[in-house]
Every structure is written in structure tokens, then in C-alpha cells.
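Student: show me how the following folds:
(one chain, ligands or ions: 1)
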Amino acid sequence: MAASILEERKSSIILSGAKKGVSCEKESVSGSVSQRACVFCGARVVLNPITDACHIVHGPIGCASYTWDIRGSLTSGGEAYRNSYSTDLRETDIVFGGEKKLKAAIDELMESEQKPPKLIFVYATCIVGVIGDDVEAVCRESQKKWGIRVIPVKAPGFSGTKSQGYKLACDAIMDYISPFARQPASFGINILGDYNLAGEMWIVKGYFEKIGIPVISTITGDASSESLIKAPSASLNVVQCAGSASYLAQRMEAEMGVPWLKASFYGAQDISSSIVRVADALKDAAICEKARAFTAYESERARSVIDKYKPRFEGKKAAIFVGGGFKAISLIRQFKEFGMKIVLVGTQTGKRDEYDVIESIADDGAVVLDDANPAELEQFMAEKGADILVGGVKERPLAYKLGVAFLDHNHERKHPLAGYIGIENFASEVNLSMNSPVWHHLGMHC
Ligand code: SF4
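Tutor: Residues are numbered from 1 along each chain as shown. Sure thing, here's the model as predicted:
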């Protein structure tokens, strides 16, 4: 391993095939400039797509602006989620406490909104964790005063990793839906961990409805305060982003008896197997038959897309650095469907079982790394000669600086990459970036 890697980071970087068990699920190393976001950000990205909820960030204004409209989650109803409210804590609030300011903020929101929300989330960020405002008491009092749900999310950025924020968001959802745990059962599924980026939830929902599986509730893409409370009645939870929603599925199974399974709607292989597994889990012969016919038809169409692009991609090298392990696994499979090699795979919040799969399916010699920093990503992309990097907004400039193509697979993107339609978008974007003539002109004007 290169000498420039920090000593404390060495166990978090391995070569696939050479050594098993990359170290993961740990707090970031100080001074390593992690690509991860903070605990509060993790909580907000999960809860924000609830379209008719209001989100008050109790903290300095920077926490709110950093996470305002952070996902490209589309809505078929409410628009309240696109606003960002903050108590804008200043020095005097830090000295004398911010509880009055929080209470006033909730009152002002309820009085000023034309259609007051039925659900408010209050996020307590770093400084509130330090000064110790009793956020729970303010939320309880406001809830009683206005007759709506006001749910505290105590998420100081320093209190753990982004995964801790996911867990806090899941606890907040449980807090909201638990009073509705006992209701008549409905036949159908909930989709968890899909945030309706560029309308992806609608695409996936359409597939299930086409084969006769009703979607009861979506958590949290295009969710509303009304649709969420139906979730406990569903027959099955289908978890797309395992990193952010597995914990919620586990709690719903233990406390409400809703079984769950993991699914992925990225890449032909994973989409088809996920739809068939969901149908099988519901044990309805007619639905199972429709699922198989539907996926066979769509796989055939996907095959023609893969065949079209494969000659242009075959043998090229892909580097992957994304938020969760489950997405990384789907991306490895997707690139392999096009005959590409995987030279680097990393995630911000991957779990042990996900890294076991990553290490078993990545090409031998691929760099597998958890919670990378920019210097490591640049170094290994250059060493391995990556032709394209898949990542998010923080990884894009790293790729372009090195003259490497880039595919945006983050939550701000505006084009769907899920579902069978996503295969065409994925291939087209990889082709446009990786085979762009611009890479032949690198260095000409330097
Ligand atoms: S690290 Fe703390 S101060 Fe910074 S955005 Fe997160 S919660 Fe706010």
C-alpha cells in the first residue's frame, strides 16, 4: 500500500482477492477529510422527501442551508418539504438557550402557512447538543398546542456517522406511525429506502402495479403524512436503500409484524430478480406468473440496450464510490453486464455483509475502501487507470481534475437510473462521458 495513506486508514483499504474483510462501520479518522456527510444530514436526507411535512433545523443557519432541498425527490402532492426553516441560533442564544426561539419558530410557522402542516420534524444540530436545549419538551408542548405531530430528531453532527442519522430518521418515522400499528391488514407492499429521485419511485411503483401488487406506502419518496400511516397494514416491506432503511424494516417487523426483504432496481439482473422475489414472497400464483412474464419481456429489451453499448464499453475500467453498499453491488453487476472491469469500489456507509459481497464480485486486484478521502480516491484512480468514476457531487471534481469521465449517481441528479428505463439512461450517460472526444485533448493547453 502506498506510503501516503494515513496509518489509521490502512485497515479500511484492501485489494479484492488478496485479503478479506475491509474495516468498516467505524467513525471517520480525524484529519482524513472524509467524503461522508454528518449525522444531521443523514437524518434529513431520509425524512426530507415527506412532501407535506415541514422541517425546522434548530441550529445555526449553515446547517439548514447545507441541507436545503438536498435531494432531487419529486412530489405528486405537497410542496412544503421544499422549504427550509431554521431557528438561526446566534451567540446570545448559545449563552441563554434557544428553547424560546424554537417555540416561537413553530408558532410562526403554524400561523403563517396558508395550509398549516400536520407533521413537523425538528432537527437539533451540533450546538444544540452542546448547550442542551430540551427540544423534546418544546416539541411536546407545541404538539399539544397545535394538535399536530411535532417530532424531535436529536442529530448533532458530531454524535456519530451519517449512518447514525439514518437510524435517527427511522426512529422518527416509527414514532410517527407506531400509533397506527394496529389496523386491518391490506394486501400490498411498502417500498422503503427509495427517495423518488427523478421520479424513480414512480417507475418502480408502476412495475409492481402492472403485475398486480398494490403499493400501500412509500418511505420516504413521494410520501405524505397521510400515506405513511397506512404502512403498518402492508403485507411486505421492500427495502431498496438498505443502508438507510434496513433498521426501519427490522423495527417494523419486530413491532408490527411486517416481514421484509432487500431489493435493488438498478441494472437488468437486479431489477428482474427483485421483482420476482417480491412476487414470490407474496405467495400469489397469478402474480408470480405475471412477474416472470413481465421481467422476461423487459430483460429482452434491456439485452438489446446492453448489446448496443457493450462494444464501446468492453474492457474499460470503472471506479465506484457511492453512499451505500447495496448500490455499489448493483453498480458492479451493471458495469459487468457491459463487459467492463471494476478497479475501485468504495462506499460512505457500507456494512460488513455488503463488503463481503463487494469483495467477492469485484475483479481481483480492485481497491476496496470504506469512508475514503479525496486524496485516496485520486491516488487509486490514477494508479488503476480508471476510465470512469461513479459518484456524487463531491467526487465529480476529483474525476475531472484527473481527466477521468464521470457518472452522477447521487441524490441531486435529474435523470432516473432505476428501472429498465434507467439501464438506457445509464448506458447513454456512461457512453457520452467515457467516450467523449474531450479526453483526447487533455494537456493540449496546459
Ligand atoms: S456537522 Fe454539526 S454544525 Fe455542521 S452541518 Fe452537521 S449538524 Fe450542522
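Student: what's the pLDDT at the residue of the chain found nearest the ligand?
Tutor: Per CB to the nearest ligand atom, the residue of the chain with the smallest distance to the ligand is residue 157, at 2.4 Å. For the C-beta atoms, the positions are set from N, CA and C on the backbone; glycine is no exception. pLDDT for residue 157: 94.
Student: grab the nearest non-local neighbour of residue 384.
Tutor: Leaving aside its sequence neighbours, residue 384 sits nearest to residue 343 (CB to CB, 6 or more residues apart in numbering; 3.8 Å).
Student: do residue 435 as well
Tutor: Closest to residue 435 by CB to CB, 6+ apart is residue 312, at 5.8 Å.
Student: returning to what we had before: burial count for the residue of the chain closest to the ligand?
Tutor: Burial of residue 157 is recorded as 21 neighbouring residues (other CB atoms under 10 Å).
Student: ok, now residue 208?
Tutor: The burial count assigned to residue 208 is 21, neighbours taken as other CB under 10 Å.
Student: hang on, the earlier thing: element containing the residue nearest to residue 384, please.
Tutor: strand 341-347 (DSSP states H and E).
Student: ok, residue 201 next?
Tutor: When elements are assigned from DSSP H and E, residue 201 belongs to helix 200-210.
Student: pull that helix out as CSV, backbone CA atoms only.
Tutor: Output for helix 200-210, consisting of C-alpha atoms alone and laid out as CSV, is shown next (Å, rounded to 0.1, in the frame of the first residue of the first chain):
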residue,chain,number,x,y,z
GLU,A,200,-37.6,6.7,-9.8
MET,A,201,-40.2,5.6,-7.2
TRP,A,202,-43.0,6.2,-9.7
ILE,A,203,-41.2,3.9,-12.2
VAL,A,204,-40.7,1.1,-9.7
LYS,A,205,-44.3,1.5,-8.3
GLY,A,206,-45.6,1.2,-11.9
TYR,A,207,-43.9,-2.1,-12.4
PHE,A,208,-45.5,-3.6,-9.2
GLU,A,209,-48.9,-2.2,-10.1
LYS,A,210,-48.6,-3.7,-13.6
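Student: other residues contacting it?
Tutor: Here helix 200-210 makes contact (CB atoms under 8 Å, 6 or more residues apart in numbering) with 74, 76, 189, 191, 194-196, 214-215, 218, 221-222, 240, 265, 275, 278, 290, 294, 416-419, 421-422.
Student: picking that back up, just to check, the residue nearest to residue 435 is in contact with residue 428?
Tutor: No. When contacts are counted by CB atoms under 8 Å, residue 312 is not listed as touching residue 428 (10.9 Å).
Student: before we move on, the earlier item: contacting residues for the residue nearest to residue 384?
Tutor: Contacts for residue 343 (CB under 8 Å, 6+ apart) come out as 317-319, 363, 365-367, 380, 384-386.
Student: that one and residue 426, how far apart?
Tutor: Separation of residue 343 from residue 426 (CB to CB, to the nearest Å) stands at 18 Å.
Student: same check on residue 331?
Tutor: Look at residue 331 and residue 426: by CB to CB, they are 9 Å apart.
Student: anything in contact with each of these two?
Tutor: Taking CB under 8 Å, 6+ apart as the contact rule, residue 331 and residue 426 both touch 266-267.
Student: which residues does residue 109 contact?
Tutor: Residue 109 makes contacts with 54, 56, 85, 116-117, 120, as judged by CB under 8 Å, 6+ apart.
Student: then residue 325?
Tutor: Neighbours of residue 325 in contact, by CB under 8 Å, 6+ apart: 242-243, 347, 349-351, 354-355, 357-358.
Student: any regions of the chain where pLDDT drops low?
Tutor: For the chain, the stretches with pLDDT under 70 are 1-3, 19, 443-446.
Student: what about 80?
Tutor: For the chain, applying pLDDT under 80 flags the ranges 1-4, 18-20, 70-71, 113-114, 242, 412, 442-446.
Student: and it, which residues reach the ligand?
Tutor: Listed as neighbours of the ligand in the chain under the rule CB under 6 Å from any ligand atom: 38, 40-41, 59, 63, 66, 125-126, 156-157.
Student: want to try JSON lines for those residues, with secondary structure as columns?
Tutor: As requested, the residues of the chain next to the ligand are exported to JSON lines (DSSP: H, G, I helix; E, B strand; the rest coil):
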{"residue": "38", "secondary structure": "coil"}
{"residue": "40", "secondary structure": "helix"}
{"residue": "41", "secondary structure": "helix"}
{"residue": "59", "secondary structure": "coil"}
{"residue": "63", "secondary structure": "helix"}
{"residue": "66", "secondary structure": "helix"}
{"residue": "125", "secondary structure": "coil"}
{"residue": "126", "secondary structure": "helix"}
{"residue": "156", "secondary structure": "coil"}
{"residue": "157", "secondary structure": "helix"}
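Student: got a quick PyMOL command for the buried subset of those residues?
Tutor: A single PyMOL command is used to select the members of these judged buried by 16 or more other CB atoms under 10 Å:
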select buried, resi 38+40+41+59+63+66+125+126+156+157
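Student: which helices and strands does the longest helix along the chain pack with?
Tutor: Selection of the longest helix in the chain by residue count, based on DSSP state H, yields helix 285-313. Where contact means 3 or more CB pairs under 8 Å, 6 or more residues apart in numbering; DSSP states H and E, helix 285-313 is packed against helix 200-210, helix 268-282, helix 419-434.
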